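Q: please work out how this folds:
(one chain, ligands or ions: 1)
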Amino acid sequence: MKNQIHNEIPLFKQVYDFALRRIEGGDWKEHEKVPSVRTMAAKMKMHRLTVLKAYQMLKNDNHLYVKDKSGYYVQPKGIRVFTQTDNPIVSSYVHKNHLSEIHQVKVDYQFSKALVNPKLLPTKFFSEYLKDVLVSEPEILGTYSTIEGDEKLRKHMSSYFIEKNNMHVDPAELVVFSGAQQVIYLVAQTFVKRRDTVLLERPSYSMAIDAFRQQGAEIIPVELFPDGYDIAEIEQLMKKHQPRLFYLNPTFHNPTGYTVPADQRKQLVELAEAYGCLLVEDDTNYDIYFDEKPPPPIFSYDTEGYVIYIRGYSKYVSPGLRIAFAACRAPLMNILKSAKSLADNGAPLLNQKMFLHYFFSDRMQTHLEKLRIALSIRKEIMEEELDKSGWKWVSPKGGLNLWVELPGHIPVERLLDECLKNSISFVPGEICDPLKERKAWIRLSYSFVNENEIRSGVRKLLRIADEISL
Ligand SMILES: Cc1ncc(COP(=O)(O)O)c(C=O)c1O
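A: Numbering: from 1, shown residues only. The predicted structure follows:
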């Protein structure tokens, strides 16, 4: 009887179940290579295609991942994502994050992370700061931060923003958040309800798209060009749709690297006031310019309180400290503060103190100057390698990415699959498009990889693209 039931189970499912039992029982360990398709087929006396089908399903269900040309490896448990079919009750509470799904694949040529390599960050000084802070304030871990964040830090940041960025912001108009992503998420949760209209740049930062989409917003795209927006189009959209807010990333924009010029920044604030639309200005890359400082933030033109300004410091200080600031006028600030209190009761005080120590030190200026040079060299190397391809992009004047248009004969989805198998990752443009239509674009980050890796990785990428061209 047992055998009969067993025989009714499709062959590929038997392989699937066999492998899953080994993964869940711990016989096959995380990141361990599993038996090859050939070996498994011989062992189970089945056709290789049957085993391949099972392995592909295990990969789709996040139990396996692919590395190198033919190897399947066990996916670590922490990164498994429930899919609609796994568990309908759980899946309705799982928030989709397309970018982090790509980042979870371990690769040698990491072109998908718009993050600065830790070797280029001041990480070695932090152990010193950690000790200093714990010695000078021994009770720091025994206490909460205030919701708005450390007073001394906010005072220093207020003077810094006034002096360096022409942003007139009082310490009371600043709140410390745990990363820019937390501000985006809480803004979406707090200011947007189901069916509210939200304007998003096209393309846009994919984790912002996901945050607004999961809130049930009607998303209207605003085309972003190398020289900014079509302001008349934005006015039409605001008139027609009366959006709740416009989330934008106007300086060394992620993914394109474009920067919106000063005159348009001023016009946007006028439109926001005229049509009652909040502007959520995400300025995470503001300081990462190569030669010329960008125009003042949109926030600097805001006198009536229509802008929520976000400045994160993951890109060039430390992603691990999770320090970001939100600046806005009092009525908005009170709402954001109460959202922050519900989320986590305030950012960790130790991290804030360490940031304060470093950010206002001479080391910080030297670091930033060196980093700008290192990143511009990496960008140039990537461009030099890509020059051989005939692919198109606009060379950015700052930021961490190239936004590249591929010729139509290269299928991007297939390119990503093949690249992941060959230990290369990039971000497919589709996930940065609120309409999910930009299929011919990819984002290549030059900030995480070193110069040699950029050269060999891009060469490999171009070779694969050639091989799969239609
Ligand atoms: C445009 C943009 N906004 C926000 C974030 C999130 O930054 P944080 O690490 O401060 O949460 C990123 C990180 O990639 C980003 O590129």
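
Q: list the contacts of stretch 381-394.
A: With C-beta atoms under 8 Å, 6 or more residues apart in numbering as the test, stretch 381-394 has contacts from 226, 256-258, 395, 402-407, 444, 446, 451, 454-455, 458-459, 462, 465. Quick note: C-beta positions are derived from backbone N, CA and C, even for glycine.

Q: now these: which count as buried?
A: 256-258, 402-404, 406, 444, 446, 454, 458, 462, 465 (16 or more other C-beta atoms under 10 Å).

Q: inside strands: which ones of these?
A: Leu402, Trp403, Val404, Leu444 (DSSP state E).

Q: what does this protein put close to the ligand?
A: The chain has residues 114, 179-181, 205, 249, 254, 282, 284, 312, 314, 319, 324 near the ligand, with proximity defined as C-beta under 6 Å from any ligand atom.

Q: hmm, 8 Å instead?
A: 114-115, 178-182, 184, 205, 207-208, 249, 253-254, 282, 284-285, 310, 312-315, 319, 322-324, 400 (C-beta under 8 Å from any ligand atom).

Q: so which of those belong to helices?
A: The helices, defined by DSSP state H, take in Ala180, Gln181, Gln182, Ile184, Met207, Ala208 from the residues of the chain next to the ligand.

Q: next, format the ones in strands among the buried ones among the contacts of stretch 381-394 as JSON lines and append distance to Ile381 and pLDDT.
A: Below are these laid out as JSON lines (distance: C-beta to C-beta, whole Å; pLDDT from 0 to 100):
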{"residue": "Leu402", "distance to Ile381": "11", "pLDDT": "98"}
{"residue": "Trp403", "distance to Ile381": "17", "pLDDT": "98"}
{"residue": "Val404", "distance to Ile381": "15", "pLDDT": "98"}
{"residue": "Leu444", "distance to Ile381": "12", "pLDDT": "98"}
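
Q: looking at these, which is nearest Leu371?
A: Leu402 (17.7 Å; C-beta to C-beta).

Q: my guess is that closest one meets Asn254, correct?
A: No - under the criterion of C-beta atoms under 8 Å, Leu402 makes no contact with Asn254, lying 11.6 Å away.

Q: so what's the residue count around Lys337?
A: 17 (other C-beta atoms under 10 Å).

Q: buried ones in stretch 258-275, by neighbour count?
A: Those would be Tyr258, Thr259, Val260, Gln264, Arg265, Gln267, Leu268, Val269, Leu271, Ala272, Tyr275, for stretch 258-275 by 16+ other C-beta under 10 Å.

Q: can you check the pLDDT for the nearest residue to the third one once chain neighbours are set aside?
A: Nearest-residue entry for Val260: Pro250, 3.8 Å, with adjacent residues in sequence omitted and distances by C-beta to C-beta, 6 or more residues apart in numbering. Each residue has a pLDDT score; the one for Pro250 is 98.

Q: figure out how far the longest helix anywhere in the chain is from the centre of its chain.
A: Among the segments of the chain that qualify as a helix by DSSP H, the longest is helix 362-386. Put simply, helix 362-386 sits 20 Å off its chain's centre (C-alpha atoms, centre = their mean, to the nearest Å).

Q: now do stretch 194-203
A: So, by C-alpha atoms, centre = their mean, the centroid of stretch 194-203 is 18 Å from its chain's centroid.

Q: output that stretch as CSV - backbone C-alpha positions only.
A: Provided in CSV are the C-alpha atoms of stretch 194-203 (Å, rounded to 0.1, in the frame of the first residue of the first chain):
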residue,chain,number,x,y,z
ARG,A,194,-5.5,52.5,0.3
ARG,A,195,-6.2,54.1,-3.1
ASP,A,196,-4.5,57.4,-2.3
THR,A,197,-2.5,58.6,-5.3
VAL,A,198,1.2,58.7,-5.0
LEU,A,199,3.6,60.1,-7.6
LEU,A,200,6.8,58.2,-8.1
GLU,A,201,9.7,58.9,-10.4
ARG,A,202,10.1,56.6,-13.3
PRO,A,203,12.4,54.8,-12.7
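
Q: how about that stretch: buried residues?
A: So for stretch 194-203, counting by 16+ other C-beta under 10 Å, buried means Asp196, Thr197, Val198, Leu199, Leu200, Glu201, Arg202, Pro203.

Q: phi first, then psi, for the second one.
A: When quoted as degrees, to the nearest 10, the phi and psi of Thr197 stand at phi -90, psi 130.

Q: check it and give its pLDDT.
A: At Thr197, pLDDT is 95.

Q: in the stretch 51-200 of the chain, which residue sits nearest the ligand?
A: Gly179 (2.9 Å; C-beta to the nearest ligand atom).

Q: quick one on the thing from earlier: so in that sheet, which strands flank the helix or strand just after the longest helix of the chain, and in what orientation?
A: Next along the chain after helix 362-386, taking DSSP states H and E as the criterion, comes strand 392-393. Applying DSSP bridges to the sheet, strand 392-393 is found paired with strand 401-405 (antiparallel).

Q: just want the angle from the partner strand to helix 362-386.
A: 20 degrees (axes from the mean of the first three to the mean of the last three C-alpha atoms, to 10 degrees).

Q: give me the contacts around strand 401-405.
A: Against strand 401-405 from outside (C-beta under 8 Å, 6+ apart): 114, 203, 254-257, 379, 382-383, 386, 391-396, 429, 440-447.

Q: stretch 37-46 too?
A: 11, 14-15, 18-19, 34-35, 47-48, 50-52, 55, 70, 72.

Q: so where is the stretch 51-200 of the chain shaky, pLDDT-wise?
A: Along the stretch 51-200 of the chain, the model assigns pLDDT under 70 to residues 68-70, 77-101.

Q: what do you get if the cut-off is 80, keeping everything else the same?
A: Applying pLDDT under 80 to the stretch 51-200 of the chain flags residues 60-61, 67-70, 76-105.

Q: how about the helices of it, start to end?
A: 88-91, 98-103, 123-136, 151-165, 180-191 (DSSP state H, counting those that start in this stretch).
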